[in-house]
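Student: from the sequence below, what's the structure:
(chains A and B)
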Amino acid sequence: MKPPPFTYHNPSSLDEAFDLLVACKNARVLAGGQSLIPMLNFRYLQPDHIIDVAGIKNISGIEMRNDDLHIGAMTRQREVEFSDLVAQHCPLMHEAIRQVGHRQTRNRGTVGGSLAHLDPAAELPLVACATGATIHVAGKRGKRDFAFADYALGFMTPAIEPDEMVTGVTVPAWAPGHGAAFVEFARREGDFAMVAVAVLLELDAKGVIARASLALGGAMATAQCMPEAEAALIGQKPTTETFAAAAGACTKIEAMDDVHAPAAYRQHLAGVLARRALAAAYERTTKV
Amino acid sequence: MSERLVGKAIKRLEDPALLTGRGRFVDDFHLPGTLHAAFVRSEEAHAKINGIDKSAAVALPGVHAVLTLADLPKRFHAMRMHGMPNPHVTQNIMPYVLAKDEVCHVGEPIAIVIADDRYIAEDAAALVMVDYEPLPTAGDCRAAMAPGAALAHMNSPDNIAAMLHFGYGDIDAAFKNAAHVVKENLFMHRGLGHSIEGRAVLAHYDTFADHLTVYTASQGPHAAKRAIVGMLDWDEERVRVVALDVGGGFGPKMSFYAEQIVTVLASLHVNRPVKWIEDRREHFNSATQERDQYWDVEMAMDAQGKILGLRIAMIHDKGAFMPHGTILPHISCTTVPGPFIIPAYKIDCSVVLTNKPPVAPVRGAGRPQAVFAMERIMDAAAAKLGLDRVEIRRRNLIPAEAMPYSIGLTFRDGKPLTYDSGDYPQLFDKVTKAADYAGFAKRQEAALKNGRYIGIGIASAIEGTGLGPFEGATVRIGPSGTVTLLTGAADQGQGHATTVAQICAEQFGIRPDDVRVVTADTAAIANGTGTFASRQAVNAGSSTHLAAIQVREKVLAIASHILEAAPSDIELADGNAIVKGTDKKISFRDIARAVTGQSGFALPKGIEPGLEATRYFTPEQAAYASGNHIAEVEVDIETGGVKVTNYWISHDCGVVINPLLVEGQVQGGLAHGIGNALLEWMHYDADTCQPLTTTLADYLLPTADAVPKALISHVVSPSPLNPLGVKGAGEGGTIPAPAAIISAIEHALTPFGVHLTQAPVPPHHLVELINKGRRKNSGLLA
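Tutor: Predicted structure coming up:
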């Protein structure tokens, strides 16, 4: 379990990194290394070049840009965990981040790394999906912004070209008073979720669901929003029946099947966890 | 005797070094000029090898050699790894040290690459082209038994390696006279050992000294030396095997592996030290592991729930080869009766070859499966007779006054299976009281009102520990005055150095950390057996005790002579022999010097030189430890998630040498048991026998959040079989745990009529059964 030979580069600026991405064929970007390094050691990946972007200064940090939360690609997950801005403006991410791996992996793991790796069960892509985030990708040819649905092309396949890299993500803040819940089921604390559900709910003055987002992770090749479930929520009173209807829609997914969980179990879990997440999110809505 | 140290909860002497990064594991040794090895391993579960092209690998810069079987000395071309002879074994198939013309499991070693570093060695290993001709595979051991099934070995007549039959009493009469008969078809899977440190070898042949030193992460360095000496056909004095710090063993490091001898041969070939450090992937596909057992169990009972007889057919997946012969299924077959009176018993066991890595003991060694079978059938009997699960067990317990109790079987040590001591009813009392078993029904009812599904389960185990043939200890006081203790008892984290130091120090009135302990070095003591079967407290402990007493007596005799006092008037304290109540004393140092003598002068008459004794303790049979587990669980009926919420253990390992270490063993053993009940499953593709769970992200070991702290109570039934009265404590935490936990889960799911017949139980399996129960409850299913 040693990686095959590669050439290591550590650019100190984005421009330098972009040049390397053009010049180096069969290159991989190294961020926190919590997925890439094991994959190299398993020789699942055999890149000729590793471009370590940890030394690039202006692609980490958390800040508000207008009313949106902007997180640089190299921001460590541990920083997200303790960010007041994240807790205030994206309680969904605040809840999700503590389910990302373990404290030790969050110390090194990054937001951009997780989005670029795009594990189907990873929490941060699911948060990006549910919140309607914009993922920023850039290279020597310029910048491109993606909505999650356009970004996640398939199983661990983001829409990043070989000469590009993720530079950050912008997460629109939902209205104050919205309810959010991130619920996942894993065999052990810190494992990748068998199924994860992210829910955001906004109620209007009459207590009717005005805006809803429900997305599933772990069950399919990528995180996905559940428009049918959302349709069952919007304009409805937040009752047990409403939530049951929305959760029911989640059981119809085409779920993955592996040694850990047959597809039918993942479908079942999607319904159970969606119902729980909806109830929890509703509990957390407040009148503003 | 001085202050009693046996029984004291002293902290481990090993820990300061380990906790401050001064451990001496094989990979910590950096000998000048060391080269690094990687193995080319089979990618096929079963194939003929038509050719091996190593030219590209040999050409890679930094590669020193690539060796296949054909490149090894001639004597290895026809030599197979040593198996364990047994008249019941019809196919005692062991591998060549490197594959010859057939590979029989994924991961079987085919060639060794020796290079400047492990990176290059792995690069080169990937360049070795093996021409495989795939053969059909024997996967599921039940299917592999059938006539005409695909063969695990192409030249075998079938896949049956052995048929084992055990029994006593009139089994047919038992069933004829039964008021009730209960039956269960059970499946139990167990996985790997997964020590944190993998296997490891550093072989160093010193041409000047004509001497080979092998550092290896082994549970049995003396056994490894015997294997190396035998395979090389060298004399013993040319070989030393050392296992200093070893990061866990759990069974798999007791086997002597092809990788060990091949690394030695590689070192001899390149005439440089060669190091091989097993990585996790190799541990998954080439270390020995446990696997599947299928149990068909029938129990005959009278109207009061007393057992009349037990009839079992069992199928055991042995994997591709036969390391340790049939001892694992043998232990399974003879562990079943446990603490219960079973008047008639019959078990037939088929040991089946498959195209998966070889099966050999992992902590518990076939016992968790046997206990699972016994306890599941007891639960089934309780349900059938409408008796409480504890009550039906009480009715069948062997009473304390029946000790020693002969079961009527032959244990795997070759001796009659006779429990030497124990008080099983007391163990039951202690654990059921601690857990408030009687009050559980109320707790369950209250929880159910809040929609929470909690359950409780009980299981017990009797474990043959402290097996022979022997372990030894040399106690020596040299002219430095230091008490030195040399023993073959290899330590993989158990704390043997601490326990033997306690036993030794007690005899000399010194502190345990004053004893210099050397373990697991064949240069320190000539003979040794190894650490397995919870045997070293009994064997190394007793031999230490005997050797220390012998040296103590000599110290007293010499001191008596010099101090002119009777030995009974002399006490030993702080490195001195002191005439009681006086200030007359002599140090160990001076006593040792006295028996070393002066150059050219004669020793006083009757004095043998040196303060030294070597004793080998040879137990006449196993000492039987016992224990009872109660698990309390909560099940999330929607996700199938199980949390072990509380855990109680009553435990009897005879005299306790160090309660801290015993409780650590029991608690650590429980972690293994929880893994076996809920998490650990080594999956193979049904058709190709390719391993599917080869990372620790896919093969789930229990993490801290999954393991509650067990509340442990002790019963002490000293063993009459050794001078310390001790029994083994290494596996009792593991053995009954799956049975207790599965019983608790079933109990929690009583409202759905869930019946559990397997371990582990993954959540999706529970959800299926719960939903089936729901449909049945709502009348949708007949």
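Student: who in chain B is up against chain A?
Tutor: B:118-119, B:122-123, B:126, B:279-281, B:638-641, B:679, B:681, B:683, B:692-693, B:695, B:697-698, B:700, B:702-703, B:705-706, B:762-764, B:767-768, B:771 (Cβ under 8 Å from any Cβ of the partner chain). In this view, the C-beta of every residue, glycine as well, is placed from N, C-alpha and C.
Student: so, low pLDDT: which residues of the stretch 651-782 of chain B?
Tutor: B:780-782 (pLDDT under 70).
Student: what number of residues lie near the residue in the stretch 1-150 of chain A positioned nearest to chain B?
Tutor: Among all residues of the stretch 1-150 of chain A, A:Met1 sits closest to chain B, at 4.1 Å; criterion: Cβ to the nearest Cβ. Residues lying near A:Met1 (other Cβ atoms under 10 Å in any protein chain shown) number 16.
Student: next: the one 5 residues further on.
Tutor: Here the count is done by other Cβ under 10 Å, and A:Phe6 has 18 residues near it.
Student: please, a PyMOL command that selects the buried ones among the residues of chain B next to chain A?
Tutor: For the buried members of the residues of chain B next to chain A, the matching PyMOL selection, counting by 16 or more other Cβ atoms under 10 Å in any protein chain shown, is:
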select buried, chain B and resi 118+119+122+123+126+279+280+281+638+639+640+641+679+681+683+692+693+698+700+702+703+706+762+763+764+767+768+771
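Student: just the ones in helices from the residues of chain B next to chain A, please.
Tutor: Judged by DSSP state H, the residues of chain B next to chain A include B:Arg118, B:Tyr119, B:Glu122, B:Asp123, B:Ala126, B:Arg280, B:Arg281, B:Pro763, B:His764, B:Val767, B:Glu768, B:Asn771 as members of helices.
Student: distance check, the residue of the stretch 1-150 of chain A closest to chain B against A:Gly113.
Tutor: The gap separating A:Met1 from A:Gly113 is 20 Å, by Cβ to Cβ, to the nearest Å.
Student: equivalent analysis for B:Cys504, please.
Tutor: Distance check for B:Cys504 against A:Gly113: by Cβ to Cβ, it reads 54 Å.
Student: and B:Ala623, by the same measure?
Tutor: On the measure of Cβ to Cβ, B:Ala623 and A:Gly113 end up 55 Å apart.
Student: with A:Asp48 instead?
Tutor: Taken as Cβ to Cβ, the span from A:Asp48 to A:Gly113 is 20 Å.
Student: between the two, point out the one with more neighbours.
Tutor: A:Gly113 (26 against 13).
Student: dihedrals phi and psi, that one?
Tutor: phi -60, psi -40 (degrees, to the nearest 10).
Student: where do the helices sit along chain A?
Tutor: Counting by DSSP H, chain A has helices at residues A:14-23, A:36-41, A:77-81, A:84-89, A:91-97, A:103-108, A:111-117, A:123-131, A:148-151, A:227-233, A:240-250, A:263-284.
Student: closest point of the stretch 151-288 of chain A to chain B, which residue?
Tutor: The nearest approach of the stretch 151-288 of chain A to chain B comes at A:Tyr265, 3.7 Å away (Cβ to the nearest Cβ).
Student: per the record, what domains does chain B have?
Tutor: Annotated domains of chain B cover B:136-396, B:468-617 [automatic domain parsing].
Student: those domains: lowest mean pLDDT?
Tutor: In terms of mean pLDDT, the lowest-scoring of these is domain B:468-617 (a mean of 93).
Student: flag every residue of the stretch 101-250 of chain A that's near chain B.
Tutor: Residues of the stretch 101-250 of chain A lying near chain B (Cβ under 8 Å from any Cβ): A:Phe185, A:Arg187, A:Arg188, A:Glu189, A:Gly190, A:Asp191, A:Phe192.
Student: what's the closest of those residues to B:Thr487?
Tutor: Of all those, B:Thr487 sits closest to A:Arg188, with 38.2 Å by Cβ to Cβ.
Student: related to what we said a few turns ago, most neighbours among the residues of the stretch 101-250 of chain A next to chain B, which one?
Tutor: Taking other Cβ under 10 Å as the neighbour criterion, A:Phe185 ranks highest of those with 25 neighbours.
Student: does that one have beta-bridge partners, and which?
Tutor: Beta-bridge partners recorded for A:Phe185 (DSSP bridges): A:Val195.
Student: and it, what's its pLDDT?
Tutor: Looking at A:Phe185, its pLDDT reads 97.
Student: in this structure it contacts A:His268, no?
Tutor: No. Applying Cβ atoms under 8 Å as the test, A:Phe185 and A:His268 come out as separate, 10.5 Å apart.
Student: list the strands paired with the helix or strand that contains B:Ile347, with their directions.
Tutor: Element membership of B:Ile347 [criterion: DSSP states H and E] is strand B:345-353. Sheet pairing of strand B:345-353 (DSSP bridges) gives strand B:160-168 (antiparallel), strand B:307-319 (parallel).
Student: any idea which of those strands is most buried?
Tutor: strand B:307-319 (a mean of 24; mean count of other Cβ atoms under 10 Å in any protein chain shown).
Student: before we move on, back to that, report the separation between the nearest residue to the residue of the stretch 151-288 of chain A closest to chain B once chain neighbours are set aside and B:Leu192.
Tutor: The shortest distance from A:Tyr265 to any non-neighbouring residue, by Cβ to Cβ, 6 or more residues apart in numbering or on different chains, is to B:His764 (3.7 Å). Distance, B:His764 to B:Leu192, using Cβ to Cβ: 22 Å.
Student: what's the answer for B:Val761, then?
Tutor: From B:Val761 to B:Leu192 the distance is 19 Å (Cβ to Cβ).
Student: so who does B:Arg190 touch?
Tutor: B:Glu290, B:Arg291, B:Val362, B:Gly364, B:Pro368, B:Gln369, B:Asn676, B:Glu680 (Cβ atoms under 8 Å, 6 or more residues apart in numbering or on different chains).
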